[in-house]
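Novice: Quick check, what structure comes out for this input:
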Amino acid sequence: MRRSTIQRYGVSLMIVLPIMFVLIALGSQSQTSDADISSSTISSNDTQSEVTEWPNELPPTSTSEVVTSEPSAVATAISTSTPLPTTPKASLPRVGIQVGHWQTEALPDELARLRTSVGAIVGEYTETEVNASIAQRVVAQLQNEGIIVDLLPATIPPAYEADAFVSIHADGSTSTATNGFKLATSWRTSRASQQLHDAIRNEYATATGLPWDPSITVNMRGYYAFSYYRFTHTVARTTPSVIVEMGFLTNPSDRAMMLNEPDRIASGITQGILRYLRERDPHDREALIPPEFKTQRSRSAEGVTIRSRPDENASSTIFAPADARIRPFEERDGWYQVFVRVGEQRAIGWVQKELVVETNDPTPTPLPPLDS
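Specialist: Next up, the predicted model:
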């Protein structure tokens, strides 16, 4: 708020006193105007890197208070004596927390297929509401540690950059007995993304006691927000990213923990993020670069077996004929972990490097955008 000051440069007291009374009256009007401004929305130009904590309920459909192309903030009863927030120092870590399935109806045209993706629904409970409840707590816990946090709806700002990105979801199954949590990185996993994955997995298991569910799906690995090489509204190539399935809403035990112990669930995610931020080397730019592999095909004209583990005695997940295109995304001890499409079938598995060969043949039509 601007305040007038009177400076003396030899002016007589009789002239100064009337001016003072006029200025005092003007100052009173200025205070009223500033108080009105304090209860309105602060310009995003002044608060570009600040994101406020969510209310206890989901915000209205409008995305005006949520990060879209740039973060923004909402002022609530800011005193006129309190300075406006300023852009935080670049050295502070920044984390993006996405609420899975929130405002999918507002997704851009490139992701229009996912506008009806609402997630799991069990009785009166919706996945979106559960995701939002946990996300609010993760944001608050991270902010208490001095982290800059962006709350993101389904629509990701183009090439979104952060020190970590975590998409929060809850799982569902046709069997109420299926339980546990799981995490996944993108097909092209950088060392940093793997470190973020491992840190959250370990801390989440410790905090919640939930078992690890190894059934990572194609939809998780191919999650649209990771697919920077296909879409515009995704994380940047160098943003370490994971998707978390906190547990199964369809399992009574998992559901009870998510509904009744949300702080415990949130703490597992938060502690994992904090652990990653502590243990990473912020100067290791190479850790942020995802690996790139050439498309492969079977070296044999008869095709090749894709196995469940990097072991020649492991069970088969799919048989890839000679014309099938094999997409590696990880290399380990002479094996590729790969994604294969054969007709309408899709599979993830392992193949020995010596059994495949690079190909420059065009790849099949890409899959449509995937949600989890």
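Novice: give the contact list for Val166.
Specialist: For Val166, the contact set (Cβ atoms under 8 Å, 6 or more residues apart in numbering) comprises 95-98, 138, 196, 200, 241-244, 269, 273. The way it works is simple: take the backbone N, C-alpha and C, and place the C-beta from them, glycine included.
Novice: Confirm that it sits in a strand.
Specialist: Yes: under DSSP: H, G, I helix; E, B strand; the rest coil, Val166 falls within a strand.
Novice: distance of it from Glu129?
Specialist: 18 Å (Cβ to Cβ, to the nearest Å).
Novice: could I get the contacts of Val166 as CSV with secondary structure, pLDDT and distance to Ser190?
Specialist: Converted to CSV, these look like this (DSSP: H, G, I helix; E, B strand; the rest coil; pLDDT from 0 to 100; distance: Cβ to Cβ, whole Å):
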residue, secondary structure, pLDDT, distance to Ser190
Val95, strand, 98, 16
Gly96, strand, 98, 16
Ile97, strand, 99, 19
Gln98, strand, 98, 18
Val138, helix, 98, 22
Leu196, helix, 98, 9
Ile200, helix, 99, 15
Ser241, strand, 98, 9
Val242, strand, 98, 11
Ile243, strand, 98, 15
Val244, strand, 98, 18
Ile269, helix, 99, 20
Ile273, helix, 99, 16
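Novice: Can you tell me which of those residues is nearest Glu261?
Specialist: Set against Glu261, the nearest of these by Cβ to Cβ is Ile269 (13.1 Å).
Novice: I figured the closest one hits Ala199, correct?
Specialist: No: distance between Ile269 and Ala199: 10.3 Å, which falls outside the contact criterion (Cβ atoms under 8 Å).
Novice: From the neighbour counts alone, determine which of those two ranks first.
Specialist: Ile269 (28 against 22; other Cβ atoms under 10 Å).
Novice: show me what contacts the more buried one?
Specialist: Ile134, Val138, Val166, Ile168, Ile200, Glu203, Tyr204, Val244, Met246.
Novice: Let me know the pLDDT of the fourth one.
Specialist: pLDDT, the model's per-residue confidence, is 99 for Ile168.
Novice: Okay, and the beta partners of it?
Specialist: Under DSSP bridges, the beta-bridge partners of Ile168 are Val99, Val244.
Novice: so who does it touch?
Specialist: Neighbours of Ile168 in contact, by Cβ under 8 Å, 6+ apart: Ile97, Gln98, Val99, Gly100, Asn131, Ile134, Ala135, Val138, Val244, Met246, Ile269.
Novice: Same check on the fifth one?
Specialist: Listed by Cβ under 8 Å, 6+ apart, the contact set of Ile200 reads Val166, Leu183, Val242, Val244, Gly268, Ile269, Gly272, Ile273, Arg275, Tyr276.
Novice: Who wins on neighbours among those residues?
Specialist: So for the contacts of Ile200 (other Cβ under 10 Å), the most neighbours sit at Val244, 30 neighbours.
Novice: Wait, it touches Thr185, no?
Specialist: No: applying Cβ under 8 Å as the test, Val244 and Thr185 come out as separate, 11.0 Å apart.
Novice: re the thing from before, tell me the one among the contacts of Ile168 nearest to Thr232.
Specialist: Out of the contacts of Ile168, the member with the shortest distance to Thr232 (by Cβ to Cβ) is Gln98, at 16.1 Å.
Novice: close enough to count as contact, the closest one and Thr155?
Specialist: No: contact criterion Cβ under 8 Å: Gln98 and Thr155 do not qualify, at 9.6 Å.
Novice: okay, those two: which has more neighbours?
Specialist: Remark: of Gln98 and Thr155, Gln98 carries more neighbours, 28 against 21, as counted by other Cβ under 10 Å.
Novice: Next up, the contacts around Val149.
Specialist: Val51, Arg94, Val95, Gly96, Ile97, Val139, Leu142, Gln143.
Novice: list the buried ones in stretch 298-313?
Specialist: Residues Ser298, Gly303, Val304, Thr305, Ile306, Arg307, Pro310 are the ones in stretch 298-313 that count as buried (16 or more other Cβ atoms under 10 Å).
Novice: out of the contacts of Val149, what pair is the most spread apart?
Specialist: Farthest pair in these, by Cβ to Cβ: Gly96 and Gln143, 13.3 Å.
Novice: Neighbour count: these two, which is higher?
Specialist: Neighbour tally, Gly96 and Gln143, criterion other Cβ under 10 Å: the higher count belongs to Gly96, 26 against 16.
Novice: Quick check, that one in contact with Pro153.
Specialist: No: counting by Cβ under 8 Å, Gly96 does not reach Pro153; the two are 11.2 Å apart.
Novice: What ranges in this protein fall below the confidence cut-off?
Specialist: 1-90, 362-372 (pLDDT under 70).
Novice: Switch the contacts of Ile200 over to TSV; also include distance to Lys353.
Specialist: TSV is the format used below for the contacts of Ile200 (distance: Cβ to Cβ, whole Å):
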residue	distance to Lys353
Val166	32
Leu183	27
Val242	27
Val244	31
Gly268	36
Ile269	36
Gly272	32
Ile273	34
Arg275	33
Tyr276	30
